[in-house]
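**Student:** here are the coordinates; sequence isn't available:
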């Protein structure tokens, strides 16, 4: 008998299928699905593209699910495995292995459905707490605290995204955990990142609260002002969007300029360099002008950003959705429909809560043109997206 594919089964449940319904969708017997999940046999090659589509993952991600080597998620290597079995012997090698696991999960966030990462991230968070309680030296203990900050921040991010940006309290519980530990470590960058993530919850959640979001974004910028131009710039950039939501155009444009100044000073040694993308300024600037009811100004910014952002990421879906909104407000319906089709292509893979919300919001704005053929095609695709959600 093969190794049970626990993550494959978790993914099947995450997209809303029982074994019976999953089998019906793929036109196979339920026993076949059971054997796949038990690791007793492999899906035939010709069936794998359809299997990946139904599970809403890429073919490469499907291969990862099918080649799972341990019952409890991500494979655990030597030093970490030994430390989990003999916690009193936890050392820096085991801590480094655990940090690498968390970082690999973080790197996958923007390209895959958050539901596929939750179990492994929760496992890492539990492992770090367990090992920290047994650490014999302060150096190892501090390293494990630092990993806890990263894992808790990622957990909050994943939970909020997986809930389609509805579960604010649980997400913020993890962000507050990260902030408290970061302060103990005097790690300004880690604290600033968690504050920034909390600002997103206030700015983009169901109960939009731009003033709270503004305060959190400015705090993130202030905390990291002397340590990271990436994080300080991102804090100021999201403060600009908060100002736009409130309708303060002058403050918004001043903050956009301040963010650009920070970004111009970024060096390759910035601790948060991996969080920076050259498209971030355009993405947020375009959004700002939409909030300021200036679609004509937003359109070229978002068009330019969309051309540069071709990575099938959750951010790309948001840019394309906002570009569709800019077109709709100028009654450019054909262009809006084309942008929405591209956004839906991305959302079908990533299941990003932000992209999903923007796309459905744009579709609601298309109601006056619901009898137009291009709009009907978009609505049909969105209906399919809702059914599979």
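**Tutor:** Here it is on my side, so go on. Values in this document were obtained by computation on a predicted structure and should not be read as measured data.
**Student:** tell me the SS of residue 17?
**Tutor:** Here residue 17 is coil, with the state taken from DSSP: H, G, I helix; E, B strand; the rest coil.
**Student:** That one: how many residues sit nearby?
**Tutor:** 19 (other C-beta atoms under 10 Å). In short, each C-beta sits where N, CA and C put it, glycine included.
**Student:** From what I see, it and residue 25 are in contact.
**Tutor:** Yes - contact criterion C-beta atoms under 8 Å: residue 17 and residue 25 qualify, at 6.8 Å.
**Student:** Now the common contact residues for the two.
**Tutor:** Counting by C-beta atoms under 8 Å, 6 or more residues apart in numbering, the residues touching both residue 17 and residue 25 are residue 54.
**Student:** buried set for stretch 247-263?
**Tutor:** 248-249, 251-253, 255-256, 258-259, 262-263 (16 or more other C-beta atoms under 10 Å).
**Student:** who does the least confident helix or strand in the chain by mean pLDDT touch, helix- and strand-wise?
**Tutor:** Within the chain, no helix or strand scores below helix 59-66, which has a mean of 77 by mean pLDDT, DSSP states H and E. Helix 59-66 sits against helix 6-14, helix 48-55, with contacts defined as 3 or more C-beta pairs under 8 Å, 6 or more residues apart in numbering; DSSP states H and E.
**Student:** Using JSON lines, lay out those together with distance to residue 307, mean pLDDT and mean neighbour count.
**Tutor:** Listed next are these as JSON lines, based on distance: least, C-beta to C-beta, whole Å; pLDDT from 0 to 100; neighbours: other C-beta atoms under 10 Å:
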{"stretch": "helix 6-14", "distance to residue 307": "33", "mean pLDDT": "81", "mean neighbour count": "19"}
{"stretch": "helix 48-55", "distance to residue 307": "27", "mean pLDDT": "86", "mean neighbour count": "17"}
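**Student:** Pipe these into JSON lines and attach distance to residue 95 per row.
**Tutor:** Compiled in JSON lines, the helices and strands packed on helix 59-66 are given as follows (distance: least, C-beta to C-beta, whole Å):
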{"stretch": "helix 6-14", "distance to residue 95": "24"}
{"stretch": "helix 48-55", "distance to residue 95": "33"}
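**Student:** out of those helices, which comes closest to residue 31?
**Tutor:** Closest to residue 31 of the helices and strands packed on helix 59-66 is helix 6-14 (C-beta to C-beta; 14.5 Å).
**Student:** buried set for whatever helix or strand comes next after the closest one?
**Tutor:** Next in sequence after helix 6-14, counting helices and strands by DSSP states H and E, comes helix 19-26. Using 16+ other C-beta under 10 Å as the test for burial, helix 19-26 gives 19, 22-23, 26.
**Student:** What of stretch 311-330?
**Tutor:** 313-329.
**Student:** and what of stretch 286-300?
**Tutor:** Those buried within stretch 286-300 under the rule 16+ other C-beta under 10 Å are 286-292, 295, 297-299.
**Student:** Give me the distance from it to the chain's centre.
**Tutor:** Distance, stretch centre to chain centre, for stretch 286-300: 24 Å (C-alpha atoms, centre = their mean, to the nearest Å).
**Student:** And stretch 110-125, by the same measure?
**Tutor:** In terms of C-alpha atoms, centre = their mean, the centre of stretch 110-125 is set 10 Å apart from its chain centre.
**Student:** which one among the buried residues of stretch 286-300 gets closest to residue 366?
**Tutor:** residue 295 (14.4 Å).
**Student:** Which of the buried residues of stretch 286-300 fall in strands?
**Tutor:** Judged by DSSP state E, the subset of the buried residues of stretch 286-300 located in strands is empty.
**Student:** Mark which of these are part of helices, please.
**Tutor:** Applying DSSP state H to the buried residues of stretch 286-300, the entries found in helices are 286-291, 295, 297-299.
**Student:** From the contact counts, what lies against the host helix or strand of residue 321?
**Tutor:** Per DSSP H and E: residue 321 is located in helix 314-329. Identification of packing neighbours for helix 314-329 by 3+ C-beta pairs under 8 Å, 6+ apart yields helix 280-291, helix 295-308, helix 333-350, helix 353-365.
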